[in-house]
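K.L.:
Sequence plus the predicted model coming up.
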Amino acid sequence: MKKIILSLAFVSAFSQLPGNTLAEESAPEIKVASKPSLVTVFLTGAELRHTAPVTVQKGKSLVIFTGLSSKLDPGSIIVDIEKKNIAILSVYSTNNFLTVVPDNPKTKPIRDSIAFTEDALAEIKGKIESLTKEKELMYKNDAIFGKEKGLPASEVEKSADFFRKRTMEINTDLYKLSKAETTLTLRLGLLMKQLNELNSKINPPSSEVSVLVLAGENITSTFELKYRVADAGWEPKYDIRVESINKPVDLFYRANIFNNTGVDWVDVKLKLSTADPMQGAQYPKMEQWNLVTGGYNAQQGAYQQSQMKQLKEQNKKVDFKTVEVDELSAEFDIEQPYSIPSDSKPYLVDVNNKSLSAKYEYISVPKMDKDAFLVAKVVGWNELNLVSGNASVYFNGTYIGQSKISVVEISDTLELSLGRDSKVAIARVKKSEVNQHQIIGNYEKEVFKYEITVKNNRDIPVNITIRDQVPLENDSRISISFSELSDGVYNKSNGEVSWNLTLQPGETKKISFNFSVKYPKEFAAKKKKFRTVSAPSF
């Protein structure tokens, strides 16, 4: 198989030629109007592949692929030819601003209206011309008639009455026809403007790729053309469905694909890729791995933001965002063909469905929210090559809300939040916000007492983690001590206290949570934590 990869410099040199070269002038042209058969969609951008059988004569032939996207990247063109006895002499791309699809179903109603309006205008113009000539003829006849002498007065009066009456009728008809002509001319102008605007969207300028070949004989061979385009991409969309907490998690991996390349993808084979479409032949260089910034350095992040800004400027209809993907790029073959029109709208395609083993547990932070949240800890997720994105959560056939799948953390277990569960009841009661307030020399000491009650109203056992907190000892003069912790675990680094409980069906457990804070008197200690919300101001 003959293959040529077109470099950017090579394309620039050829695409700037004012006309055909001498070799091309003597070569017969063979135009190939093929639709893409395979589209690899990247998160930003796409690669299109066209294949077509082409019959060439012995000697030189110029094979021209027509109707390609005007957003074709010339530096990405690759041409493959199946037969070995066909040599590729040159390849270049050009833009075609003249091709218009006259029978496009989207423009047909407007074209029909234009044709109807033009016919009506032609009919009006014909009537105006006929009446104008009749009027001119009447004036000539009147002039001749007026020169004759000896006519009876009654004949002269009759002639004058006819002339006057007919002239008024013609003038009235001409006035009405003139108004109708003005209205139809204005309507025709608006229709033409609408057609031009629609043509600019659905009949945009196209590109052509010309391949000059030399064949050793008359032969038919399969030509394959590949090239990259801008203004396309995909984003992940997940559905998480859980029937009950003793069954696996059903993860439905889907993707929203958009196409704004100027070429409709009709019944094409699709591939989704997380690779970088701009990657070249140079081997990759590793950037600094900074755990704080999430795996890439600030310079690389700035570059990605710059790329997103450029894409936004090129395509005002589609917003772009930065998402996290695995370092090793992945591809997903979509089983059934899809049609993705070039209209910038998102079209949903199925990528993969899988049932995953999960361990279910509840998490609650009752000092901030009295509800328990069901969490599925899923294993085996890293085999699916997921991309960070939003997920719609369904539990027991009910839509729960939106969650997020994040693949940034390096872990074998993926935590999925499945929403609230009202059947696990939790209450946090303040036994005494400030039970004791003592002055000890230059220090103050305060004691806080809480009671947390958890009840399992389900008919199966549940595991739940209760989280609370105490102030941080972020100053050597601050000390925290516990008088009651009910087997809780205290994390001194972040001030969090947690309890892991297992409750049988109908069981209730209580947690006593008592602690004291000692701090210098001059401290303006915050005894409570507050949250900020929006409220009207009158």
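P.N.:
Nice, I can see it. Residues are numbered from 1 along each chain as shown.

K.L.:
From I480, how far out is R49?
P.N.:
Using CB to CB, to the nearest Å, R49 is found at 65 Å from I480. In this view, the C-beta of every residue, glycine as well, is placed from N, C-alpha and C.

K.L.:
which one of those two has more residues nearby?
P.N.:
In this view R49 and I480 are compared by other CB atoms under 10 Å, and R49 has more residues nearby, 19 against 16.

K.L.:
didn't that one look like it was pressed against V39?
P.N.:
Yes - at 7.4 Å, R49 counts as touching V39 under the criterion of CB atoms under 8 Å.

K.L.:
count of neighbours near L48?
P.N.:
Neighbour number of L48 under other CB under 10 Å is 25.

K.L.:
what about the stretch 401-538 of the chain, any weak spots by pLDDT?
P.N.:
Low-confidence segments of the stretch 401-538 of the chain (pLDDT under 70): 409-411, 432-436, 524-534, 537-538.

K.L.:
mind running it again at 90?
P.N.:
Low-confidence segments of the stretch 401-538 of the chain (pLDDT under 90): 401-422, 430-448, 460, 471-478, 483, 493, 516-517, 519-538.

K.L.:
quick one, strands of it?
P.N.:
Applying DSSP state E, counting those that start in this stretch to the stretch 401-538 of the chain gives strands spanning 413-421, 424-440, 443-456, 462-469, 479-484, 489-491, 496-503, 508-520.

K.L.:
I'd like those strands as JSON lines, with distance to P105 appended.
P.N.:
Formatted as JSON lines, the strands of the stretch 401-538 of the chain follow (distance: least, CB to CB, whole Å):
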{"stretch": "strand 413-421", "distance to P105": "44"}
{"stretch": "strand 424-440", "distance to P105": "56"}
{"stretch": "strand 443-456", "distance to P105": "61"}
{"stretch": "strand 462-469", "distance to P105": "57"}
{"stretch": "strand 479-484", "distance to P105": "73"}
{"stretch": "strand 489-491", "distance to P105": "65"}
{"stretch": "strand 496-503", "distance to P105": "62"}
{"stretch": "strand 508-520", "distance to P105": "67"}
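
K.L.:
To D239, which of these lies closest?
P.N.:
strand 413-421 (11.6 Å; CB to CB).

K.L.:
Now do that closest one against strand 462-469, angle only.
P.N.:
90 degrees (axes from the mean of the first three to the mean of the last three CA atoms, to 10 degrees).

K.L.:
Sheet partners, orientation included, of strand 413-421?
P.N.:
strand 372-379 (antiparallel) (DSSP bridges).

K.L.:
starting at the chain centroid, how far to the very next helix or strand once past the partner strand?
P.N.:
Next along the chain after strand 372-379, taking DSSP states H and E as the criterion, comes strand 389-395. Offset of strand 389-395 from its chain centre (CA atoms, centre = their mean, to the nearest Å): 18 Å.

K.L.:
Check stretch 335-346 too.
P.N.:
11 Å.

K.L.:
Excluding chain neighbours, what is closest to I400?
P.N.:
G419 (3.4 Å; CB to CB, 6 or more residues apart in numbering).

K.L.:
burial of that neighbour, as a residue count?
P.N.:
G419, neighbours per other CB under 10 Å, totals 19.

K.L.:
so who does it touch?
P.N.:
Going by CB atoms under 8 Å, 6 or more residues apart in numbering, G419 touches 373-374, 393, 395, 400-401, 403.

K.L.:
How about G389?
P.N.:
Applying CB under 8 Å, 6+ apart, the residues contacting G389 are 235-238, 323, 404-405.

K.L.:
Recalculate using a threshold of 7 Å.
P.N.:
235-238, 323, 405 (CB atoms under 7 Å, 6 or more residues apart in numbering).

K.L.:
and the helix or strand harbouring L214, how far from the chain's centre?
P.N.:
Assigned by DSSP H and E, L214 belongs to strand 206-215. With CA atoms, centre = their mean as the basis, strand 206-215 stands 32 Å off its chain's centre.

K.L.:
Can you give me the distance of A122 to E129?
P.N.:
A122 is 11 Å from E129, by CB to CB.

K.L.:
hmm, I was thinking of L184
P.N.:
From L184 to E129 the distance is 16 Å (CB to CB).

K.L.:
who has more neighbours, the two?
P.N.:
More crowded of L184 and E129, by other CB under 10 Å: L184, with 20 against 10.

K.L.:
Next, the more buried one: secondary structure please.
P.N.:
helix (DSSP: H, G, I helix; E, B strand; the rest coil).

K.L.:
so it sits right up against E123, yeah?
P.N.:
No - L184 lies out of contact with E123 (CB atoms under 7 Å); the separation is 9.7 Å.

K.L.:
just to revisit the earlier point, just the buried residues of the contacts of G419.
P.N.:
The neighbour count (16 or more other CB atoms under 10 Å) marks 373-374, 393, 395, 400, 403 as buried among the contacts of G419.

K.L.:
Using a markdown table, please lay out those together with distance to Y347.
P.N.:
What follows is these, written out as a markdown table (distance: CB to CB, whole Å):
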| residue | distance to Y347 |
| --- | --- |
| F373 | 33 |
| L374 | 32 |
| V393 | 23 |
| F395 | 27 |
| I400 | 25 |
| S403 | 23 |
